[in-house]
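J.: sequence-free structure coming up:
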DNA sequence: GGTGTGATCGTA
DNA sequence: ACGATCACACCA
């Protein structure tokens, strides 16, 4: 289990360290839903024009302003959920968007939650896809990643020494920052 | 492989 | 009015 102190630095520090960690949802009665984190983006809160926190605290983004090591889940495009790991000290909005996972066994429950997926690399290769695959929705906004139903685990696989670094995807503001990190050559990284 | 478009609704 | 997206159609 990653300790809470892991998340206490800002999102730009934490983001590359989250690569190759394992996101697990132990869903009672539905088994274990899990994937290895292979793509993330850093959002730097009130100083970042691309962050939901840029214009201050609202009911929607309140979790981001709370203590580190919790899950910030938001709804977008009228139909999709996306999930972040909240970073920084309590009161500071800083978060890492989880953008892609490499699916981990058992794969059957992941396929069941992603009926449109045709190939294994379609299961979790996007921020909304991975939430659908792991059953993450608004019920999990604020969930404790250290002791809650959804956790991030270190299974001993280190982050890549030299992650791929690129601009963030799907934003209009602050597009010049290279705050997207991914595992080189992993087929599950979003296109 | 790439590009373009419709879906769908909470939020500010 | 727009969004930290996805799936599908179409072209190559």
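T.: Great, that's in hand. Source: prediction; values computed, not measured.
J.: Name every strand pairing with the lowest-mean-pLDDT helix or strand in chain A and say which way it goes.
T.: Every helix and strand of chain A was ranked by mean pLDDT, DSSP states H and E. The lowest is strand A:22-27, at a mean of 95. The strands that strand A:22-27 pairs with in its sheet are strand A:31-43 (antiparallel), strand A:150-153 (antiparallel) (by DSSP bridges).
J.: Tell me if residue A:129 really is in a helix.
T.: Yes. Assessed with DSSP: H, G, I helix; E, B strand; the rest coil, residue A:129 lies in a helix.
J.: Just confirm it contacts residue A:116, I think it does.
T.: No. If you go by CB atoms under 8 Å, residue A:129 and residue A:116 don't touch, sitting 9.4 Å apart. Placement of C-beta: from N, CA and C, glycine included.
J.: okay, these two: which has more neighbours?
T.: residue A:129 (23 against 7; other CB atoms under 10 Å).
J.: show me what contacts the more buried one?
T.: Going by CB atoms under 8 Å, 6 or more residues apart in numbering, residue A:129 touches A:100, A:114, A:117, A:122, A:123.
J.: for the fourth one, what are its contacts?
T.: If a contact means CB under 8 Å, 6+ apart, then residue A:122 has A:114, A:116, A:129 as its contacts.
J.: so who does the second one touch?
T.: The reference is to residue A:116. Contacts for residue A:116 were tallied using CB under 8 Å, 6+ apart; they are residue A:122.
J.: Specify the beta-bridge partners of the residue positioned nearest the centre of chain A.
T.: Centroid check for chain A by CA atoms, centre = their mean gives residue A:98 as the closest residue, at 2.0 Å. Residue A:98 has these beta-bridge partners by DSSP bridges: residue A:40.
J.: Next one: it from DNA strand B, what distance?
T.: 19 Å (CB to the nearest atom of the strand, to the nearest Å).
J.: Stretch A:76-89 and DNA strand B in contact?
T.: Yes. Part of stretch A:76-89 sits near DNA strand B under the criterion CB under 7 Å from any atom of the strand, namely A:77, A:78, A:79.
J.: what's the pLDDT at the second one?
T.: Pointing back at residue A:78 there. What the model reports for residue A:78 is a pLDDT of 97.
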